[in-house]
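Engineer: sequence and predicted structure below; questions after.
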Amino acid sequence: MNSKYNLHIMGPLAIFLILADQLTKWIIVKSMNIGDSVPVIGDILEITSHRNHGAAWGMLQNQMVFFYIITLVVLAALIYFYRNEAPFKPVMQLGLTLVSAGAIGNFIDRLFRGNVVDFIDTRIINYDFPIFNVADACLTVGVFILIYEILVNESKEKKNADI
Ligand SMILES: CCC[C@@H]1OC(=O)[C@@H](C)C[C@H](C)CCCCC(=O)CCC[C@@H](CC)/C=C/C=C(\COC)CC[C@@H](O)[C@@H](O)C[C@H](O)CNC1=O
């Protein structure tokens, strides 16, 4: 994992995550009615068939054109950073790959379904977290990896500057 772009790893990983996201959503659409819920781990984790016409927490309902534009801008930014900031930085490449796969997964839903299929229904420490999907999980983990990478890099650069 130390070639300049590691595309032989990140490419297949992105494709796998997008396929996993689309396959899980397809199974939910085909096998459950909207609102159906199946307990997996007590009431901590359930599979609930849900549709979101907005963004996280249902923000900006039915603003599909806005979501298309935002997603394309996000993807363009991710490609730019991958080419210009991520060479020889596998952790940053991983974060960018996860965010890209998540954005594409939800983009496919918005384009062909007009909404996003959600089904992972968790209750974390009694907080009823919004129902989400594999693409959201990729986006969120990818965002945290990028935040970590940027913070770690900044602290390293400061240390080098102090020497
Ligand atoms: C994850 C980003 C949301 C995702 O953004 C996308 O598609 C991107 C590519 C395009 C959006 C139009 C633009 C980004 C808006 C920014 C945003 O929203 C800030 C979010 C912060 C984030 C920390 C990074 C919290 C996390 C929340 C959730 C995820 O929990 C794991 C709950 C998900 C449920 O509300 C679920 O119903 C959502 C539904 O699936 C549609 N998903 C989206 O809009």
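Structural biologist: Yep, that arrived.
Engineer: what secondary structure does the closest residue to Ala101 other than its chain neighbours sit in?
Structural biologist: The spatially closest residue to Ala101, leaving aside those adjacent along the chain, is Leu17, at 3.9 Å (C-beta to C-beta, 6 or more residues apart in numbering). The C-beta positions use only the backbone N, C-alpha and C, and glycine is treated the same way. The three-state label given to Leu17 by DSSP: H, G, I helix; E, B strand; the rest coil is helix.
Engineer: ok, Ile120 to the ligand distance?
Structural biologist: 8 Å (C-beta to the nearest ligand atom, to the nearest Å).
Engineer: kindly report the same for Thr140.
Structural biologist: The value you get for Thr140 to the ligand, if C-beta to the nearest ligand atom is used, is 4 Å.
Engineer: now do Asn33
Structural biologist: Taking C-beta to the nearest ligand atom, one finds Asn33 at 18 Å from the ligand.
Engineer: wait, Val29 touches Asp118, no?
Structural biologist: No: Val29 is beyond contact range of Asp118, at 11.3 Å (criterion: C-beta atoms under 8 Å).
Engineer: just give the number of residues close to Ile44.
Structural biologist: For Ile44, the neighbour count with other C-beta atoms under 10 Å is 13.
Engineer: tell me the secondary structure for the nearest residue in space to it that is not next to it in sequence?
Structural biologist: Leaving aside its sequence neighbours, Ile44 sits nearest to Arg123 (C-beta to C-beta, 6+ apart; 5.7 Å). Look at Arg123: counting by three-state DSSP, its state is strand.
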